[in-house]
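Peer 1: Provide a 3D model corresponding to the input given below.
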Amino acid sequence: ARRRPRGGPFGWHLELPRRASLLRERTRALGRRGGSRKQSAEVTLSDARKGECERDPDAAMGDQLAPTSRHAFEHEGRVVYEWDQTLEEVNVYVSVPPGVRAGALDVSIKPSDVSIGIKGNPPYLAHDLSFPVKTEESFWTLASSELHVQLQKRERGKSWPCVFVGHGELDALAAQKEKQRLMKERFQMEHPGFDFSGAEFNGEAPDAATFMDGVPHK
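Peer 2: Alright, predicted model coming up:
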């Protein structure tokens with residue numbers, strides 16, 4: 001697969017096989033925060049420490065549970081897109097050709113599939129999503145030649161193993177780390193003022209989407 005110069009210098013096209021046997025997923029640390037935290041599933045308020053932030057402590061503590069790395073989906077040694085997730089969102093990041101403006105992009109977000117490309121050209125990506133999203137709360141932005149598609153999960157707390165069907169699921173270790181972080185993010189949301197970023201799990205982390213009747217609605 002490679003970019004093809006269709007429709008002028010911004011012909012931005014990628015063909016992926018229907019089966020992703022040749023595709024792999026890796027995790028690239030962004031280096032926004034140093035070090036790693038020991039994570040482990042039995043979390044109580046005694047595991048958490050009271051926040052000591054002077055300004056908006058809940059927001060500051062929530063930021064500690066934000067993704068610190070992106071998962072990069074590759075094809076033939078080239079990054080096709082990167083992604084991460086929170087309790088409520090899945091974020092997809094795509095590098096676009098230099099000089100392309102937002103008005104030239106053709107981005108379609110539907111409940112079960114997403115299409116990304118440049119107007120007048122075949123789509124760069126057009127695939128079914130792993131899980132449904134809320135289209136009315138999903139959107140996209142373009143900044144510094146990076147397209148950011150923010151998808152609002154229909155099922156809050158659901159840990160996605162991949163963005164698109166067939167695009168290489170996270171391995172067992174990475175998937176468990178995601179479940180742990182989302183579960184701690186849920187605890188943080190339900191117990192404002194407490195910092196769960198350093199909490200540990202004993203055993204496998206529960207599913208944040210279904211644990212004790214699921215995530216409360218807003």
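Peer 1: can you pull out the helices in this structure?
Peer 2: Counting by DSSP state H, the chain has these helices, from start to end: 57-64, 172-190.
Peer 1: right, and the ones you listed - which one's nearest E76?
Peer 2: helix 172-190 (21.7 Å; CB to CB). In this view, the C-beta of every residue, glycine as well, is placed from N, C-alpha and C.
Peer 1: quick one, grab the pLDDT at Q64.
Peer 2: The pLDDT attached to Q64 in the predicted structure is 80.
Peer 1: for it, which non-adjacent residue is spatially closest?
Peer 2: S197 (3.8 Å; CB to CB, 6 or more residues apart in numbering).
Peer 1: quick check: that neighbour vs S130, distance?
Peer 2: Look at S197 and S130: by CB to CB, to the nearest Å, they are 27 Å apart.
Peer 1: let me see the ranges of the strands in the protein.
Peer 2: For the chain, strands defined by DSSP state E occupy the ranges 23-29, 49-50, 69-75, 78-85, 89-95, 105-109, 113-118, 125-128, 133-143, 146-153, 194-195.
Peer 1: so can I have CSV of those showing mean pLDDT and mean neighbour count?
Peer 2: Formatted as CSV, the entries for the strands of the chain read as follows, by pLDDT from 0 to 100; neighbours: other CB atoms under 10 Å:
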stretch, mean pLDDT, mean neighbour count
strand 23-29, 47, 14
strand 49-50, 44, 12
strand 69-75, 95, 19
strand 78-85, 97, 19
strand 89-95, 98, 18
strand 105-109, 98, 17
strand 113-118, 98, 20
strand 125-128, 97, 16
strand 133-143, 98, 15
strand 146-153, 98, 19
strand 194-195, 88, 20
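Peer 1: that'll do, ta.
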